[in-house]
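In: I'll drop the sequence and a predicted model, then ask my questions.
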Amino acid sequence: MKIRVQSIHFTADIKLLDFIQKKADKLDQFYDQIIGGDVYLRLEKTEDEANKIAEIKLAIPGNDLFAKEQCKSFEEATDKAMESLRRQLDKHKEKVRSRLSNHKEVSLSDEIL
């Protein structure tokens, strides 16, 4: 899956980019029709330690999924956002399955009549 990473007002190092790509590739195990994704990394100017924000947008057929997390490190924020996206993918997959099964039931009942 193609992931574009944009770090806003700082330069992300290669280790962080590899970490994000590795996490994103794991999402393919849960849903194989992911088109691509965008990751935005920002530093918020606050006194709080948890000032690192990761926003992830995934493009899937017919929809976009989005997750945003704020934590002490970009790795932690990315990890939590990817977990949120995994749950969203599971829900999306369930919806698609139920629509397909309902469609098949309607088709079969029409043939019986």
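Out: That came through, no problem. Numbering: from 1, shown residues only.

In: shaky segments in this structure?
Out: 103-113 (pLDDT under 70).

In: wait, what's in contact with the residue nearest the centre of it?
Out: Nearest to the mean C-alpha position of the chain, counting by Cα atoms, centre = their mean, stands L85 at 3.9 Å. Contacts for L85 were tallied using Cβ atoms under 8 Å, 6 or more residues apart in numbering; they are 27, 56, 58, 65, 67. The way it works is simple: take the backbone N, C-alpha and C, and place the C-beta from them, glycine included.

In: change it to 6 Å
Out: By Cβ atoms under 6 Å, 6 or more residues apart in numbering, L85 lies in contact with 58, 65, 67.

In: any idea where the strands of this structure begin and end?
Out: In the chain, the strands defined using DSSP state E lie at 2-8, 36-43, 52-60, 63-71.

In: can you redo those as CSV with mean neighbour count and distance to A77?
Out: Formatted as CSV, those follow (neighbours: other Cβ atoms under 10 Å; distance: least, Cβ to Cβ, whole Å):
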stretch, mean neighbour count, distance to A77
strand 2-8, 14, 12
strand 36-43, 18, 8
strand 52-60, 20, 4
strand 63-71, 16, 4
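
In: these two touch, right, K23 and M82?
Out: Yes: if you go by Cβ atoms under 6 Å, K23 and M82 touch, sitting 4.7 Å apart.

In: I35 and L100, how far apart?
Out: Using Cβ to Cβ, to the nearest Å, I35 is found at 20 Å from L100.
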